[in-house]
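Visitor: How does the following fold in three dimensions:
(one chain, ligands or ions: 1)
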Amino acid sequence: MSNLEDLYREVILDHYRTPRNKGELPPPATCTEGSNPLCGDEIKIFLDVSDGVVNDVRFTGHGCSISQASASMMTAAVKGKSLDDVRAIARRFKQLMTIEEHDGSAPADVKLGDIEALQGVVKYPVRIKCAVLGWNTLLEGLATAQA
Ligand code: ZN
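Guide: As a prediction, this is how the structure comes out:
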């Protein structure tokens, strides 16, 4: 088990030190901000959505390694995906974080890849908010982008 935890820690640190899709997108991309005052985490998500597809996604922000690594993993997971797929991935992630019950609405075969490295976070409930920040900000952004 400790080997797996070491691997997870490495994946998280890798995304923290070398974030994917970090930066901004110019308008008309939407920009949505989220924060987790408990920990001091801040995330901005830039979204370029058209024809029901997330063409591009970037993020900026600062905060703890969990919040920043999770946002990096999220952008890598949703870039180029359809909105339906993105919502399914987000739902699957929240199930992993035990925020949402398995109600059969998300296909169990949604692949989370690197994101599964965050499942160790569930043992530290205070950190779940850090891990979910980028995802909630993404979902808010999607709602804006589609409006
Ligand atoms: Zn945090």
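Visitor: what about the helices in the protein?
Guide: For the chain, applying DSSP state H gives helices covering 2-17, 65-78, 83-96, 125-146.
Visitor: just those: most buried one?
Guide: helix 65-78 (a mean of 25; mean count of other Cβ atoms under 10 Å). Using the backbone N, CA and C atoms, a C-beta is placed for each residue, glycine as well.
Visitor: Around the ion, pick out the residues from the chain.
Guide: Residues of the chain found near the ion, taking Cβ under 5 Å from the ion as the criterion, are 39, 41, 63-64, 67, 130.
Visitor: now these in TSV, with pLDDT?
Guide: Formatted as TSV, the residues of the chain next to the ion follow (pLDDT from 0 to 100):
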residue	pLDDT
Cys39	96
Asp41	98
Gly63	97
Cys64	96
Ser67	97
Cys130	96
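Visitor: what would those residues look like in a markdown table with distance to Asp84?
Guide: What follows is the residues of the chain next to the ion, written out as a markdown table (distance: Cβ to Cβ, whole Å):
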| residue | distance to Asp84 |
| --- | --- |
| Cys39 | 31 |
| Asp41 | 28 |
| Gly63 | 29 |
| Cys64 | 31 |
| Ser67 | 26 |
| Cys130 | 27 |
